[in-house]
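Student: coords please:
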Amino acid sequence: MSLIKFPSPLREVIVETRLMRQIIRRTLAVHTLGALIVWYGESRMGKTTTAQYMVREILAAYEGSHPHAFRAKYYEAGEITSHYGNEMKRGIKSLYFAALGTPLDEGIYQRDPPEAIASRLVHELRRRNLQIIFVDEAGCLSLGAIWGMVLVRDIAKSME
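Tutor: Residues are numbered from 1 along each chain as shown. As a prediction, the model looks like this:
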């Protein structure tokens, strides 16, 4: 008989709080305005848990036949530092991979301007009915990379 007893993995239990419900309702209310929403606060306060919970709830409620239904995605950003290549394009490329799960073609990345890459991403997001992307740990991104992601939102808004 072995002395080793492997423990069962812990099952994460999320307790839906009043504050979580309030944040989710507010986020959905301004989403229709094409808003760029920033959640901020102290570490360990539940921002990530709320975002992941909201994504699961949106995906569980998604029905393609509902005229207002859409999908959501959670993405934890890696570091994109300044002074290394076109930061806007790097931010869009990172968002592209996170949202679609496929890398952006390197030829397109090298050849096309940020606006064209952002338009390509918006087209794919629309095709997949993906309307909310939570970018966690955005503090790891350079200002230029964030501006690239804002460009995606601006183009999405202009394309309705």
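
Student: which element is I58 on?
Tutor: helix 47-61 (DSSP states H and E).

Student: Tell me which residue is most central in the protein.
Tutor: By CA atoms, centre = their mean, the mean C-alpha position of the chain lies nearest to I133, the distance being 2.6 Å.

Student: how close does it get to D105?
Tutor: Separation of I133 from D105 (CB to CB, to the nearest Å): 20 Å. Every C-beta, even on glycine, is put in place using the N, C-alpha and C of the backbone.

Student: quick revisit: for the residue nearest to the centre of the chain, give its distance to I92.
Tutor: As judged by CB to CB, I133 and I92 stand 12 Å apart.

Student: And for G144?
Tutor: Counting by CB to CB, the gap from G144 to I92 is 10 Å.

Student: residue boundaries of the strands in the protein?
Tutor: Listed in chain order, the strands of the chain (DSSP state E) span 71-76, 130-136.

Student: Measure how far the shortest one is from the centre of its chain, please.
Tutor: The one in question is strand 71-76. 4 Å (CA atoms, centre = their mean, to the nearest Å).
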